[in-house]
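Student: Structure of the sequence below:
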Amino acid sequence: MDPKLDLLYRLADDQLILGHRNSEWNGLGPILEEDIAFSSMAQDKLGHSLQLYGLLHQLGEAEPDTVAFTRNAPQFHCCQLVELPIGGYDFSLTRHFLFDHAELLRFEALAGSSYEPLAQVARKLRGELKYHVLHANTWMKRLGTATEEAIERMQRALNETLPYALGIFEKTGAEADIISSGLFIGEDELKSRWQESIARVLSQTALELPELQTITPVLGGRQGQHTPHLQPLLDEMAEVFRLDPTADW
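Tutor: Prediction:
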């Protein structure tokens, strides 16, 4: 696959799927503030995916709605982290924390991409991602320094989520071309920056960051290998679109 397409599909699919997962907190948040926050972040991510699918369309791929709603799970390039069910608030918050730290760093780097249309989108989106990270940091610090039960639950969520989070940085066959062409700094460099970023926040809590070198990453998502949770989510997302793909809304 062309390096631009490879990179854009991964970016867009991550945003689309996590946006839909986060939207499932609508009406379920532990407090009204969080109900609103997760709904707002979900809307942001869906908007981010639309802009990225728009870039794919400019490069000759199908229109954004077609790309988003007519593919099946093996055709998606999202990491497995984003497709997991929302679980409890401890899990969703930890996923939000780990994913959005990576995304903010990714889009900050993409702001200098050699592919100027992507660089322009990245410069626009990184501002919203800063607020996502601020939200995640606030709640990780609050719960990571709260009661013994809260700390225990957050530590368990962190331990369970990290193998999937390492899958964010799964490389594809286009990695060398992506780096050499100046499209992006590469997944290894991003992972290094991410580890430093999350460690700084977690050091202000009672939570412990395990040695990442000892954790086996959950890979396969970038190659179209997904959990059993993704296809039912895609079917639900596309239910209305598939009734009449030609309809205008």
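Student: Mind listing residues that contact the one helix or strand in the chain whose mean pLDDT sits lowest?
Tutor: Taking mean pLDDT, DSSP states H and E as the measure, the chain has helix 230-243 as its least confident helix or strand, at a mean of 82. Helix 230-243 is touched from outside by 17, 20-21, 65, 68-73, 76, 78, 83, with contacts defined as C-beta atoms under 8 Å, 6 or more residues apart in numbering. Any C-beta I mention is one placed from the backbone N, CA and C, and that applies to glycine too.
Student: Where does residue 13 sit: helix, strand or coil?
Tutor: The three-state assignment at residue 13 reads helix, by DSSP: H, G, I helix; E, B strand; the rest coil.
Student: Now it. Nearest residue, chain neighbours left out?
Tutor: Spatial nearest neighbour of residue 13, chain neighbours left out: residue 78 (3.9 Å); criterion: C-beta to C-beta, 6 or more residues apart in numbering.
Student: so how far is residue 14 from the one you found?
Tutor: For residue 78, the distance to residue 14 (C-beta to C-beta, to the nearest Å) stands at 5 Å.
Student: Flag every buried residue along stretch 182-200.
Tutor: For stretch 182-200, burial by neighbour count (16 or more other C-beta atoms under 10 Å) applies to 183-187, 190-191, 193-195, 197-198.
Student: Dihedrals phi and psi, residue 227?
Tutor: phi -70, psi 170 (degrees, to the nearest 10).
Student: List the contacts of it.
Tutor: 80, 83-84.
Student: Tell me the spacing between residue 182 and residue 40.
Tutor: Applying C-beta to C-beta to residue 182 and residue 40 gives a distance of 33 Å.
Student: Just the helices from this protein, written as ranges.
Tutor: 3-23, 32-58, 64-69, 89-110, 116-143, 148-165, 175-180, 187-202, 230-243 (DSSP state H).
Student: in the third one, what's buried?
Tutor: Meaning helix 64-69. So for helix 64-69, counting by 16+ other C-beta under 10 Å, buried means 64, 67-69.
Student: wait, doesn't residue 10 sit right on residue 82?
Tutor: No: contact between residue 10 and residue 82 fails when scored by C-beta atoms under 8 Å: they sit 10.8 Å apart.
Student: which of those two has more neighbours?
Tutor: Taking neighbours as other C-beta atoms under 10 Å, residue 10 and residue 82 compare with residue 82 leading, 26 against 23.
Student: Give the full set of residues in contact with residue 4.
Tutor: Residues in contact with residue 4, defined by C-beta under 8 Å, 6+ apart, are 59, 115, 118, 183.
Student: Backbone torsions only: list them for the first one.
Tutor: The main-chain torsion angles of residue 59 are listed as degrees, to the nearest 10 and equal phi -90, psi 10.
Student: which residues touch it?
Tutor: Residue 59 touches 2, 4-5, 8, counting by C-beta under 8 Å, 6+ apart.
Student: Of these, keep whichever come out buried.
Tutor: Looks like the contacts of residue 59 have 4-5, 8 buried, using 16+ other C-beta under 10 Å.
Student: what's around the residue nearest to residue 184 when sequence neighbours are not counted, how many residues?
Tutor: Distances taken as C-beta to C-beta, 6+ apart place residue 178 nearest to residue 184, at 5.2 Å, with adjacent residues excluded. Counted by other C-beta under 10 Å, the residues lying close to residue 178 total 22.
Student: returning to that earlier point: and the residue nearest to residue 13, what's its pLDDT?
Tutor: Looking at residue 78, its pLDDT is 98.
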